[in-house]
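Visitor: The sequence and its predicted three-dimensional model are supplied below.
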Amino acid sequence: MKYLDVELRDMTVEDIPSVLEIENLTFLHPYKEKDFMYEINENPVSNVWVMEYTAKSLGIKQIVGFVDYWVTFDSGTIVQIAVHPDIQRSGIGSMMMKEVIKDAYVKKVRTLTLEVRASNIKAISFYEKFGFKKTLVKPQYYSNGEDAIYMIKEVNDING
């Protein structure tokens, strides 16, 4: 019997409070409400999705993760991907990344790129698992002076 389910869907304005909770728990310099409003309503290249977890037997729905990635011509940029810290390493992030890769392939994206804090070893390992390669260091990229690692992935088929 199936009690629990997850669904990746477009983010709505109503989702922003839940997304901000994850954002504030996950990132050093989190987006604000206005940033997500822009991504949802104004940014023509943005794909903003939430992962919603449902306990059907209890009638409960909860946002457990989100992803924001941009598509410009044949290039894609993963702006953010996050899972609530209480359930990281549960497979939610991998499900979202697989959907990004699949969507990128369908949209004829040839490469996906991202920046990640040099100190974020868990995230770097996660991205490498999906075939992202470290290509360069962006010195003092973040406001606190930390370097960013620029990573790139070729999108060759629907599975990455």
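Guide: Arrived safely. Residues are numbered from 1 along each chain as shown.
Visitor: Flag the shaky bits of the chain, pLDDT-wise.
Guide: Applying pLDDT under 70 to the chain flags the ranges 1-4, 160.
Visitor: one more time with 80, if that's ok
Guide: By pLDDT under 80, the low-scoring segments of the chain are 1-4, 56-59, 159-160.
Visitor: Longest helix of it, counting residues only.
Guide: Assignment by DSSP state H gives helix 92-106 as the longest helix of the chain.
Visitor: The helix or strand that comes right after that one to helix 92-106, inter-axis angle?
Guide: With elements assigned by DSSP states H and E, the helix or strand that comes after helix 92-106 is strand 111-117. Per axes from the mean of the first three to the mean of the last three Cα atoms, to 10 degrees, the angle that strand 111-117 makes with helix 92-106 is 150 degrees.
Visitor: Mind listing residues that contact the helix or strand following strand 111-117?
Guide: Per DSSP H and E, the first helix or strand lying C-terminal to strand 111-117 is helix 121-129. Residues from elsewhere that reach helix 121-129, judged by Cβ atoms under 8 Å, 6 or more residues apart in numbering: G93, S94, M97, L114, V116, R117, K134, I149, M151, K153. All C-beta spots, glycine's among them, are computed from the backbone N, C-alpha and C.
Visitor: State the number of residues packed around the second one.
Guide: The one in question is S94. Counted with other Cβ atoms under 10 Å, the neighbours of S94 add up to 14.
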